[in-house]
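Asks: here is the input, now give the coordinates:
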Amino acid sequence: PSLKSNLEQILPKHQLLQQVYEFRKRLFEIWNKHTASPKELLEALQEWCKEAEASKLQSLRDFAQYIQSYRLKAAYLN
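Replies: Residues are numbered from 1 along each chain as shown. The predicted structure follows:
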């Protein structure tokens with residue numbers, strides 16, 4: 001079986017794993033939006049972080065805060 005078919009079998013049975021996988025997939029899509037403007041990318045990333053922080057998963061909340069710390073560091077450098 002392929003990785004995709006394995007995921008299709010496993011994810012519906014494990015809600016938290018499915019949630020993490022969906023967040024990962026959405027973040028990857030944001031990262032790969034080559035036609036979006038910097039403003040659109042920032043807004044999409046901010047929305048992703050907002051939703052991650054609202055999730056019940058501490059690891060997602062922590063990662064969202066980690067990502068946002070880079071934005072603050074960039075603001076200080078400018």
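Asks: and the residue nearest to Q68 when sequence neighbours are not counted, how far from Y66?
Replies: Of all residues not flanking Q68 in the chain, C49 sits nearest, at 5.6 Å (CB to CB, 6 or more residues apart in numbering). Where you see a C-beta, it was placed from the backbone N, CA and C, and this is true even at glycine. For C49, the distance to Y66 equals 10 Å [CB to CB, to the nearest Å].
Asks: more neighbours: these two, which one.
Replies: Per other CB atoms under 10 Å, whichever of C49 and Y66 has more neighbours is C49, with 20 against 10.
Asks: which residue ranges of this structure form helices?
Replies: Applying DSSP state H to the chain gives helices spanning 3-10, 15-31, 38-54, 58-77.
Asks: residue closest to the middle of this structure?
Replies: Nearest residue to the geometric centre of the chain (CA atoms, centre = their mean): L27, 3.6 Å.
Asks: how many neighbours does the residue lying closest to that residue once chain neighbours are set aside have?
Replies: Distances taken as CB to CB, 6+ apart place W48 nearest to L27, at 5.8 Å, with adjacent residues excluded. Applying other CB under 10 Å, we find 18 residues neighbouring W48.
Asks: what does W31 give?
Replies: Neighbour count for W31, taken as other CB under 10 Å: 11.
Asks: look at K33 and report its pLDDT.
Replies: Predicted confidence (pLDDT) for K33: 90.
Asks: again with L3
Replies: On pLDDT, L3 comes in at 76.
Asks: distance of it from Q9?
Replies: 11 Å.
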